[in-house]
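**Student:** A predicted structure for the sequence below; I have some questions about it.
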2 protein chains.
Amino acid sequence: MITVDEARALVLDLAPEMETEQVPLAEAAERVLAAEVTANRDQPPFAASSMDGYAVKATEVELHAMFKVIGEATAGQRFDGTVGPGQAVRIFTGAPVPDGADFIVIQEDTQRRGDLLTITDEPGPKTNIRPAGVDFRVGSTLSAPRRLNARDLALLAAMNVPAVPVARKPQIALIATGNELVMPGETPGPDQIIASNSFGLKALLEDAGAHVRMLPIARDTIKSLEIALNLAQGADVVVTIGGASVGDYDLVGEASEKLGLQQSFYKVRMRPGKPLMAGQLGEAAMVGLPGNPVSAMVCGYVFLVPMVRRMLGLTPAGPEVKQARLASPLPANGPREHYMRAWLGDEGLSAFDDQDSSLLGVLARSNALIVRPPHDPERASGEIVQYLPI
Amino acid sequence: MITVDEARALVLDLAPEMETEQVPLAEAAERVLAAEVTANRDQPPFAASSMDGYAVKATEVELHAMFKVIGEATAGQRFDGTVGPGQAVRIFTGAPVPDGADFIVIQEDTQRRGDLLTITDEPGPKTNIRPAGVDFRVGSTLSAPRRLNARDLALLAAMNVPAVPVARKPQIALIATGNELVMPGETPGPDQIIASNSFGLKALLEDAGAHVRMLPIARDTIKSLEIALNLAQGADVVVTIGGASVGDYDLVGEASEKLGLQQSFYKVRMRPGKPLMAGQLGEAAMVGLPGNPVSAMVCGYVFLVPMVRRMLGLTPAGPEVKQARLASPLPANGPREHYMRAWLGDEGLSAFDDQDSSLLGVLARSNALIVRPPHDPERASGEIVQYLPI
């Protein structure tokens, strides 16, 4: 059996690179910018007033100074003349500063009667002018790769970028396998349970930036698995859930090998999730997840989310391991790397008592997976340990 | 002028409550669960094997014990008989434990020749059986309100819940105002700039759970503003951007008052964002944001995201103020609460030098807003201050 790190490296090697596509800015939130974007204008494109007030010559600014107001400059409409000695132009925030002026007296510091303006309060040294290009200049860049957030989008819009190059969304086909499964809303037989992993994994992988297709549940026959694997054609990654443990692995393995699977590895020294497998299936990467619900989700966090990030070009692929203090002690760990369901609160990290890999209720109450190295000794409250936020 | 907290309380008072709608589980990620959901089945619905192995009677389990294998139980298909003395049933993970058996010997601890099974390794005390209902029982609940994540969805699927009651998405109409604005991709005149706030705010508010309509840019005339405000009909919240500063406020105010605006407040003792206004406009809440790009975005974080959370029924509405150590000193603050653009790194929080409210480049490089109370004195490196993660 290989280690988690070795397995993740092999999974990342299988991840195909996504090509670039253009999307309109209004649809670019959370997409991954694929290439640096360059501003082809200055912002502001002209020296602009940062306040509502009056544009004058700085040399003339002093308490009780008087000016004649000769015009107006608004955002979108400059004053088409020059400010001469003793003259002022009414100006609003964002308006171009008129030629001849180099100081904005804010309106709260003035009194106006008709065309006559008087400075009634000491204006101080601030010119209240934003120089051209103070925000960004022609040639300024937004670097890639990055997942575009609201602030990036505002900046890109200001740069006059109507569409951006982003990595195409990885297409992932999810195949739940097992005679025991029915879909939510169906009536399970007495020996059956509800297919739950597909729903959790779909949300997890779409949050990471993929597009997920949930295929019909495959039954525990070679024929049913072959049909499902064929339905997955066109996907960048095919993910099977279940059918990868000792007893029935051969079925998923046999079906995918018949279709040409080049297996990369099978079984990882981890808990939960030991019976993980991965390989290349035609043009697609294939990952076979264990069927226990918590095992499948943990493998999603540990292997599949990094795989999606790699496909999108994000570095590091992750997952991002953090450190926190234990709020309660941990028993010694066995020979496999253990991802313990835990709660991170103000007091620190507490692992749940029952770590059985079937307990979705415990997983839903967790916000962290404590990462225990193989043979990690007992840990006391207050010790620092590693965890994955989930 | 009122304080930020007072203004936010008034904004939250304006927020209409969203009704509940049912959505299919596969589309429920990130939606806000509106009512507690109850499991109407036990999980697992039967005692199940947690391993691949052999189901036997616990009293007969000891090293070198021998059994006759009388059948098989798989996930989805139980063994239709009773395990008697000296008998074993081949069993796979997730399969119902047969009647008469109360222990699963894992297959690694056995040797099998034909129908004859021998225990070849000490099996230990663990029964490898998951009791019925160990994950959850009939009547177990997933509490509301909560924003549904991947783990919640896996649990809801396992509960056999095919659709969930969620809060309807708040519909927000965004109206950028100003003669100086053109949309990205258009060619700005010499005095014009690109409308950027709509794109940033749309991404921010949709990330918070709203649906945002960007309306055409309104020009600085009553008529243009009235047209835009009328186009906003049907929205739960109408957000205008710009036209709310001293100089031209009357325009947005006049247009919205002609349409019946009941103003709640105008101007907030904050920086950036002072010329914020809010009120009730027919059935909708209305918020008038300042036009400076960074001011509008900061008001989005400080007022609009909490408003969306309130509409979705999430508590607390927020925003979530955190604490961190300063990595560099801060100058004394003035009379207004100041939201300083900052970077939170491993060393702590550092405010950017230039806090001008026009600098989208600085905002895009920020991941935190340091919250400075009015008249907050100088702060030294190492002091703890409050911030909003952004």
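**Tutor:** All right, it came through fine.
**Student:** show me where pLDDT drops low in chain A?
**Tutor:** Applying pLDDT under 70 to chain A picks out residues A:244-250.
**Student:** need the residue closest to the centroid of it.
**Tutor:** residue A:147 (5.2 Å; CA atoms, centre = their mean).
**Student:** kindly indicate whether residue A:12 is helix, strand or coil.
**Tutor:** helix (DSSP: H, G, I helix; E, B strand; the rest coil).
**Student:** pretty sure residue A:310 is one of the things it touches, is it not?
**Tutor:** Yes. Judged on CB atoms under 8 Å, residue A:12 makes contact with residue A:310 at a distance of 4.9 Å. Where you see a C-beta, it was placed from the backbone N, CA and C, and this is true even at glycine.
**Student:** who touches both of those two?
**Tutor:** Common contact partners of residue A:12 and residue A:310 (CB atoms under 8 Å, 6 or more residues apart in numbering or on different chains): residue A:317.
**Student:** which of these two has more residues huddled nearby?
**Tutor:** Here residue A:12 and residue A:310 are set side by side on neighbour count (other CB atoms under 10 Å in any protein chain shown), and the busier one is residue A:310, at 23 against 16.
**Student:** phi, psi for that one please.
**Tutor:** For residue A:310, the backbone dihedrals are phi -60, psi -40 (criterion: degrees, to the nearest 10).
**Student:** next up, the contacts around it.
**Tutor:** Residue A:310 neighbours (CB under 8 Å, 6+ apart): A:12, A:15, A:317.
**Student:** tabulate these (CSV), appending distance to chain B.
**Tutor:** Putting the contacts of residue A:310 into CSV (distance: CB to the nearest CB, whole Å) gives the following:
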residue, distance to chain B
A:12, 21
A:15, 20
A:317, 19
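**Student:** SS state for residue A:198?
**Tutor:** Here residue A:198 is recorded as helix under three-state DSSP.
**Student:** could you check how far it is from residue A:30?
**Tutor:** To residue A:30, residue A:198 is 22 Å away according to CB to CB, to the nearest Å.
**Student:** more neighbours, these two?
**Tutor:** Neighbours were tallied for residue A:198 and for residue A:30 using other CB under 10 Å; the higher tally belongs to residue A:198 (26 against 18).
**Student:** quick check: that one touching residue A:174?
**Tutor:** Yes. In terms of CB under 8 Å, residue A:198 counts as a neighbour of residue A:174; the distance is 5.0 Å.
**Student:** identify the contacts common to these two.
**Tutor:** Applying CB under 8 Å, 6+ apart, one finds that residue A:198 and residue A:174 are jointly contacted by A:214, A:241.
**Student:** show me the contacts for residue A:343.
**Tutor:** A:349, A:350, A:352, A:365, A:366, A:367, A:368.
**Student:** among those, which one lies nearest to chain B?
**Tutor:** Comparing the contacts of residue A:343 against chain B with CB to the nearest CB places residue A:366 closest, at 7.1 Å.
**Student:** isn't that closest one up against residue A:341?
**Tutor:** Yes. Using CB under 8 Å, residue A:366 makes contact with residue A:341 at a distance of 4.2 Å.
**Student:** shared neighbours of the two, anything?
**Tutor:** Taking CB under 8 Å, 6+ apart as the contact criterion, the common neighbours of residue A:366 and residue A:341 are residue A:352.
**Student:** which of the two has more neighbours?
**Tutor:** A count of neighbours by other CB under 10 Å puts residue A:341 above the other of residue A:366 and residue A:341, at 26 against 22.
**Student:** distance-wise, check the more buried one relative to residue A:276.
**Tutor:** Per CB to CB, residue A:341 is found 18 Å from residue A:276.
**Student:** neighbours of residue A:325, just the number please.
**Tutor:** The local packing of residue A:325 (other CB under 10 Å) involves 13 other residues.
**Student:** residues in a beta bridge with it, which ones?
**Tutor:** Partner residues in beta bridges with residue A:325, using DSSP bridges, are residue A:384.
**Student:** so what are the domain limits for chain A?
**Tutor:** Dividing chain A into domains by automatic domain parsing, as the record does, gives the ranges A:4-18+A:169-312, A:28-42+A:138-167, A:48-130, A:322-389.
**Student:** highest mean neighbour count out of these?
**Tutor:** Most buried of these, by mean neighbour count (mean count of other CB atoms under 10 Å in any protein chain shown): domain A:4-18+A:169-312, with a mean of 21.
**Student:** which stretch of helix or strand covers the closest residue to residue A:371 other than its chain neighbours?
**Tutor:** Excluding its sequence neighbours, the residue lying closest to residue A:371 (CB to CB, 6 or more residues apart in numbering or on different chains) is residue A:386, at 4.5 Å. Under the assignment given by DSSP states H and E, the secondary-structure element containing residue A:386 is strand A:384-389.
**Student:** what sits up against that strand?
**Tutor:** Residues from elsewhere that reach strand A:384-389 (CB under 8 Å, 6+ apart): A:301-302, A:319-326, A:330, A:339, A:342, A:344, A:349, A:367-372, A:379.
**Student:** at 10 Å instead, please
**Tutor:** With contact meaning CB atoms under 10 Å, 6 or more residues apart in numbering or on different chains, strand A:384-389 is reached by A:298, A:301-302, A:305, A:318-326, A:330, A:339-340, A:342, A:344, A:348-349, A:351, A:367-373, A:376, A:379.
**Student:** ok, now how distant is residue A:217 from residue A:193?
**Tutor:** As for residue A:217, its distance to residue A:193 is 11 Å (criterion: CB to CB).
**Student:** before we move on, what about residue A:37?
**Tutor:** Distance of residue A:37 to residue A:193, given as CB to CB: 48 Å.
**Student:** over to residue A:103?
**Tutor:** Counting by CB to CB, the gap from residue A:103 to residue A:193 is 75 Å.
**Student:** what's the helix or strand encompassing residue A:89 packed up against?
**Tutor:** Here residue A:89 is covered by strand A:87-91, with elements defined by DSSP H and E. For strand A:87-91, the packing partners by 3 or more CB pairs under 10 Å, 6 or more residues apart in numbering or on different chains; DSSP states H and E come out as strand A:48-49, strand A:53-56, strand A:66-73, strand A:103-106, strand A:110-113, strand A:116-119.
**Student:** each with direction, which strands does the fifth one pair with?
**Tutor:** Strand A:110-113 has these partner strands in its sheet, going by DSSP bridges: strand A:116-119 (antiparallel).
**Student:** quick one: the next helix or strand after the strand it pairs with near chain B?
**Tutor:** Tracing the chain past strand A:116-119, the next element assigned as helix or strand by DSSP H and E is strand A:129-130. Yes. Between strand A:129-130 and chain B, judged by CB under 10 Å from any CB of the partner chain, the touching residues are residue A:130.
**Student:** who does strand A:129-130 pair up with?
**Tutor:** Taking DSSP bridges, the sheet neighbours of strand A:129-130 turn out to be strand A:48-49 (antiparallel).
**Student:** contacts for the strand it pairs with?
**Tutor:** Contacts for strand A:48-49 (CB under 10 Å, 6+ apart): A:55, A:73-75, A:78, A:89, A:91-98, A:101, A:104, A:106, A:127-132, A:134, B:180, B:191, B:193, B:247, B:358.
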